[in-house]
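Q: Fold the following, please.
(chains A and B)
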Amino acid sequence: SAVISQKPSRDICQRGTSLTIQCQVDSQVTMMFWYRQQPGQSLTLIATANQGSEATYESGFVIDKFPISRPNLTFSTLTVSNMSPEDSSIYLCSVYAFPNTEAFFGQGTRLTVV
Amino acid sequence: DQQVKQNSPSLSVQEGRISILNCDYTNSMFDYFLWYKKYPAEGPTFLISISSIKDKNEDGRFTVFLNKSAKHLSLHIVPSQPGDSAVYFCAANYGTSYGKLTFGQGTILTVHP
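A: The predicted structure follows:
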């Protein structure tokens, strides 16, 4: 299994500002993903972070709001832009590495927007 | 549209007894199912999975059963231990969409000593 480090683990931010979350993996992985867990809700996939190209976003999520970078096979960032209180959630980085059949998760970033 | 549903928000079980967590899905394209456990302030941890070509997979105290005709799966934990107390998520994906998971809402399991 991969060891995934996410930073920061938590933050309290002012509305209108942006926060960049980092995800570092201890080995090269095939795919990296970003999920969001809103309070009391399930985990929802935001996007697939593609190495060297633009991320692939799921329905309801757009690049202007959640820009994602993946410069190499072990690192990705998610930015939550122009934040509002509705963005208060746990944001999770996830990785998949062939030939495993399961995805592994980081510890998450708990974001509170005030 | 909730494609994966866990209809029981919580479950309370006595230590040593069996815990049964249920999950239903609506998307017939799903062909791989996973269970994750999540403690507060931690990310989900993979527990066990099952392919749609099987109806049962066992790993120690954890067994997952799949009923494709009913679009239903369940996780059995025997015997339950206080350390099993956590939120359990059912997840599914299909085809080659490895890692792109659709999650249920989660069930909070509490195992009492």
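Q: Can you show me the strands along the chain?
A: I went with chain A, as the question did not name one. Here chain A has its strands, by DSSP state E, at A:4-7, A:10-13, A:19-25, A:31-37, A:43-49, A:56-57, A:68-72, A:75-80, A:89-96, A:104-105, A:109-113.
Q: oops, chain B please
A: Residue ranges of the strands in chain B, as given by DSSP E, are B:4-5, B:10-14, B:19-25, B:32-38, B:45-51, B:56-59, B:62-67, B:72-77, B:86-93, B:102-103, B:107-112.
Q: Which other helices and strands does the fifth one contact?
A: Spelled out, that is strand B:45-51. For strand B:45-51, the packing partners by 3 or more C-beta pairs under 8 Å, 6 or more residues apart in numbering or on different chains; DSSP states H and E come out as strand B:32-38, strand B:56-59, strand B:62-67, strand B:72-77. Bear in mind the C-beta positions are built from the backbone N, C-alpha and C, glycine included.
Q: picking that back up, compare the strands of chain A and give me the one nearest B:L47.
A: Comparison of these against B:L47 by C-beta to C-beta identifies strand A:104-105 as nearest, at 12.2 Å.
Q: In JSON lines, list the strands of chain B along with mean neighbour count.
A: Formatted as JSON lines, the entries for these read as follows, by neighbours: other C-beta atoms under 10 Å in any protein chain shown:
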{"stretch": "strand B:4-5", "mean neighbour count": "20"}
{"stretch": "strand B:10-14", "mean neighbour count": "14"}
{"stretch": "strand B:19-25", "mean neighbour count": "21"}
{"stretch": "strand B:32-38", "mean neighbour count": "22"}
{"stretch": "strand B:45-51", "mean neighbour count": "17"}
{"stretch": "strand B:56-59", "mean neighbour count": "12"}
{"stretch": "strand B:62-67", "mean neighbour count": "18"}
{"stretch": "strand B:72-77", "mean neighbour count": "20"}
{"stretch": "strand B:86-93", "mean neighbour count": "23"}
{"stretch": "strand B:102-103", "mean neighbour count": "22"}
{"stretch": "strand B:107-112", "mean neighbour count": "17"}
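Q: related to what we said a few turns ago, between the helices and strands packed on strand B:45-51, which gets nearest to chain A?
A: The closest of these to chain A is strand B:32-38. By C-beta to the nearest C-beta, the value is 5.8 Å.
Q: and the angle for the closest one with strand B:19-25?
A: Taking axes from the mean of the first three to the mean of the last three C-alpha atoms, to 10 degrees, one finds strand B:32-38 and strand B:19-25 inclined to each other by 130 degrees.
Q: who touches strand B:32-38?
A: For strand B:32-38, the surrounding residues in contact (C-beta atoms under 8 Å, 6 or more residues apart in numbering or on different chains) are A:101-103, A:105, B:21, B:23, B:25, B:44-52, B:62, B:64, B:66, B:73, B:75, B:84, B:86-94, B:101, B:106.
Q: Name the strands paired with that strand and say parallel or antiparallel.
A: Paired strands of strand B:32-38, with direction, are strand B:45-51 (antiparallel), strand B:86-93 (antiparallel) (DSSP bridges).
Q: JSON lines please, covering those and showing distance to A:V3.
A: Compiled in JSON lines, these are given as follows (distance: least, C-beta to C-beta, whole Å):
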{"stretch": "strand B:45-51", "distance to A:V3": "13"}
{"stretch": "strand B:86-93", "distance to A:V3": "20"}
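Q: Kind regards, and thank you for your time.
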